[in-house]
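Visitor: Following is a predicted model, sequence given first.
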Amino acid sequence: MSADQISTRSEAFLVNEDFMKNMLRVLHAREQQVQMGGGEKAIARHHDRGKMTARERIDALLDEDSTFLEIGLFTAWEMYEEYGGAPSAGTVFGIGKIHGRDCVIVANDATVKAGAWFPITCKKNLRAQEIAIENRLPIIYLVDSAGVFLPMQDEIFPDKEHFGRIFRNNAVMSSMGIPQIAAIMGYCVAGGAYLPIMSDEALIVENTGTVFLAGAHLVKAAIGENIDNEALGGARVHSEISGVTDYRMPDDPTALQTIRDLVSKLGARDHAGFDRIASVAPRRPASDLYGLMPKDRSKPYDTHELLSCIVDDNEFVEYKADYGRSVVCAYARIDGWAVGVVANQRNIVRDGKGEMQIGGVIYSDSADKATRFILNCNQKRIPLVFLQDVTGFMIGSRAEHGGIIKDGAKMVNAVANSVVPKITIITGNSYGAGNYAMCGKAYDPRFIFAWPTAQIAVMGGAQSSRTLLEIRIGQMKKAGKEISKEDQEAMLREIHDRYDSQMSPYYAAARLWVDGIIDPAHTREVISGCIEIADNNPDVPQFNPGVIQT
């Protein structure tokens, strides 16, 4: 990596650092807000019923020294506001260790609309199952849900990626030998009743846990039978009469301890065997990332400097360093793990002909280099780490005549067919086809996270706003309407503000386009944790590069 280091005392560094720390203050405040679920009063009511909250249940399950990699904290952020909102989509999930074993844990948050399922809740639960399948991890369901949020039932019930897909996945995971354990710790109603019962083992908590296809009110309305929920589908019924559940638990703590006991007896599994040696601290402290990332996203910076805060020192071998310089490719180690890094270079650089290349843009030579490097990493079974700060592929007659579409297609092909785990961190811009080539969500990264500085869109805000304004003005002129310059400026502000809000990492996280928003200083530990999780799946398929011709 470059020996030159930006001074931590320079004005530019301090301005950038202050800007990033302010963004992190907002991030941490919003995290605390979401983690309260339905709020203090709802939590108090939950406790009065003798129940632990979703987060308390997860804490009790995990080993004391385990971290919890939460996925989808900001799911549903600023969505469903006409219904009062749905913090974290009424579901908490992530990966943590139980008796030293990585497990996916999914917990309904009954303080949020009684744990009802919104459309994005379904997507979040499917993401949990996807992670369990991709990484061959046991999955624990802590069920406490009133079922589908009926006002939006048409958006959650019948389609391929809707509610029924979850039960289909239950069956598929069982056939794959992925352990599934469910604890019924509250309501478990209608179609949702299949989730715990299609798991391999089910526990039920006395006095709070109930499971049935239709509750007492619906039974009364449908067939005229008078019965209460406990007599219909409580713990005694399903433990002594129906045999639906396997374990009858007196309370939440006992149920959670029993799950820990069950997990402790799971047989050992092979690992993928990704290479890891003793970890070495990076050349620069992780906190330097705050000052290295420019406040003004149009300003260049040297990506090597970011990497010097993330990768192990003296473990960085750059591939084709003098060729295709708008993309940095390197073999490195992160917390001891061998990785292949593919990162956008944001400096203005010169190519082999001495011509300027704009930072953050993928040129033909860069795409060619990245393609070859991705092929090499797959051949060597080295996980890939993508650091995205990309404005797209180069445009213009020179680029088109040089075959940018062909070279870009090669890179996209290599990313799509890659079989080693891919972990993507969006540090800045993520625009257009650059998002795809640098392993955006559509290209199956094993995990994908964003910094608070991330922006995800088909193009930058200024360009897109002008384009949308021109379209709107053209439509108005066709209708015979004239528009003043002042009105045009007002329309531009309105379009830009709306588009800008849609580029926000919170907008992306709300819709699960990314798994979460992380503090840049935690990037190294997040990547290391993700590779450790991915190492649980021993089945790395043979790489087939498809139609790539290099």
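Guide: Done, it's in. Numbering: from 1, shown residues only.
Visitor: Can you read off the pLDDT for residue 2?
Guide: Looking at residue 2, its pLDDT is 47.
Visitor: for the one 10 residues further on, same thing?
Guide: According to the prediction, residue 12 has pLDDT 93.
Visitor: Make 158 the starting number, not 1.
Guide: Shifting the count to begin at 158 puts that one at residue 169.
Visitor: how deep is it tucked in, by neighbour count?
Guide: For residue 169, the neighbour count with other Cβ atoms under 10 Å is 16. (Glycine included, C-beta is placed from N, CA and C.)
Visitor: From residue 507, how far out is it?
Guide: Between residue 169 and residue 507 the computed distance is 23 Å (Cβ to Cβ, to the nearest Å).
Visitor: ok, now residue 385?
Guide: Using Cβ to Cβ, residue 385 is found at 78 Å from residue 507.
Visitor: what's the single longest helix in the protein?
Guide: Longest helix of the chain, by residue count under DSSP state H: helix 168-192.
Visitor: list the buried ones in that one?
Guide: 169-170, 173-174, 176-177, 180-181, 184, 191-192 (16 or more other Cβ atoms under 10 Å).
Visitor: next SSE after the lowest-mean-pLDDT helix or strand in the chain?
Guide: None of the helices or strands of the chain scores lower by mean pLDDT, DSSP states H and E than helix 618-635, at a mean of 69. With elements assigned by DSSP states H and E, the helix or strand that comes after helix 618-635 is helix 642-660.
Visitor: CA atoms of the very next helix or strand once past that following helix as CSV?
Guide: Once helix 642-660 ends, the next helix or strand along the chain (criterion: DSSP H and E) is helix 662-667. The C-alpha coordinates for helix 662-667 follow below in CSV (Å, rounded to 0.1, in the frame of the first residue of the first chain):
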residue,chain,number,x,y,z
PRO,A,662,-28.7,4.3,3.5
TYR,A,663,-31.7,4.3,5.9
TYR,A,664,-34.0,4.1,2.9
ALA,A,665,-32.0,1.1,1.7
ALA,A,666,-31.8,-0.6,5.1
ALA,A,667,-35.6,-0.1,5.6
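Visitor: which residues are contacting helix 662-667?
Guide: Defining contact as Cβ atoms under 8 Å, 6 or more residues apart in numbering, one finds that helix 662-667 is touched by 187, 229-236, 277, 583, 607-613, 658, 671, 673-674.
Visitor: So what's the residue count around residue 694?
Guide: Residue 694 is flanked by 18 other residues according to other Cβ under 10 Å.
Visitor: my guess is it meets residue 430, correct?
Guide: No. The pair residue 694 and residue 430 does not pass the contact test of Cβ atoms under 8 Å, sitting 10.8 Å apart.
Visitor: Torsion angles phi and psi at the residue sitting furthest away from the middle of the chain?
Guide: Seen from the C-alpha centroid of the chain, the residue lying at the greatest distance (Cα atoms, centre = their mean) is residue 637, 47.1 Å away. Dihedral pair for residue 637: phi 80, psi 20, per degrees, to the nearest 10.
Visitor: Could you report the separation of it from residue 325?
Guide: From residue 637 to residue 325 the distance is 54 Å (Cβ to Cβ).
Visitor: now residue 444
Guide: According to Cβ to Cβ, residue 444 stands 45 Å off from residue 325.
Visitor: Need phi/psi at residue 681.
Guide: In terms of degrees, to the nearest 10, the main-chain angles of residue 681 are phi -60, psi -50.
Visitor: show me the contacts for it.
Guide: 439, 443, 466-468, 491-492.
Visitor: how about those, which pair is most distant?
Guide: Greatest spacing in these, by Cβ to Cβ: 466 and 492 (12.9 Å).
Visitor: and stretch 435-446, how far out from the chain's middle?
Guide: 24 Å (Cα atoms, centre = their mean, to the nearest Å).
Visitor: Pull the residues that contact that stretch.
Guide: 158, 162, 165, 177, 462-463, 465-472, 490, 492-493, 677-681.
Visitor: Could you list the low-pLDDT ranges of the chain?
Guide: 158-162, 616-626, 653, 656, 703-707 (pLDDT under 70).
Visitor: residues near residue 455, how many?
Guide: 12.
Visitor: give me the element it is part of.
Guide: Short version: residue 455 belongs to no helix or strand, going by DSSP H and E.
Visitor: what sits against it?
Guide: Not one residue lies near residue 455 by Cβ under 8 Å, 6+ apart.
Visitor: Mind jotting down where the strands sit in the stretch 408-557 of the chain?
Guide: Using DSSP state E, counting those that start in this stretch, the strands of the stretch 408-557 of the chain run over 473-475, 484-491, 494-501, 506-507, 513-514, 518-519, 541-547, 549-550.
Visitor: and the gap between the spatially closest residue to residue 612 that is not a sequence neighbour and residue 441?
Guide: Ranked by Cβ to Cβ, 6 or more residues apart in numbering and with sequence neighbours excluded, the top spatial neighbour of residue 612 is residue 660, at 4.2 Å. Separation of residue 660 from residue 441 (Cβ to Cβ): 29 Å.
Visitor: I'd like to know the phi and psi angles of residue 613, please.
Guide: Torsion angles, degrees, to the nearest 10, at residue 613: phi -120, psi 120.
Visitor: burial count for it?
Guide: Other residues lying near residue 613 total 22 when counted by other Cβ under 10 Å.
Visitor: Test my guess that it contacts residue 670.
Guide: Yes. Between residue 613 and residue 670 there is a contact under Cβ under 8 Å: 6.4 Å.
Visitor: how close does residue 522 sit to residue 462?
Guide: Separation of residue 522 from residue 462 (Cβ to Cβ): 23 Å.
Visitor: before we move on, what about residue 355?
Guide: According to Cβ to Cβ, residue 355 stands 50 Å off from residue 462.
Visitor: If you count surrounding residues, which of the two has more?
Guide: Under the criterion of other Cβ under 10 Å, the comparison of residue 355 against residue 462 puts residue 462 first, with 22 against 18.
Visitor: What distance do you get for the more buried one to residue 451?
Guide: Between residue 462 and residue 451 the computed distance is 11 Å (Cβ to Cβ).
Visitor: name the element residue 301 belongs to?
Guide: Per DSSP H and E: residue 301 is located in strand 296-302.
Visitor: Please save the CA atoms from that strand in CSV.
Guide: Listed next in CSV are the C-alpha coordinates belonging to strand 296-302 (Å, rounded to 0.1, in the frame of the first residue of the first chain):
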residue,chain,number,x,y,z
ILE,A,296,-31.9,-21.5,13.3
ILE,A,297,-33.9,-20.7,16.4
TYR,A,298,-37.4,-19.2,16.2
LEU,A,299,-38.8,-17.4,19.3
VAL,A,300,-42.4,-17.1,18.3
ASP,A,301,-44.7,-14.5,19.7
SER,A,302,-46.9,-13.1,16.9
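Visitor: Okay, now the sheet partners of it, with direction.
Guide: Strand 296-302 sits in its sheet next to strand 258-265 (parallel), strand 337-346 (parallel), going by DSSP bridges.
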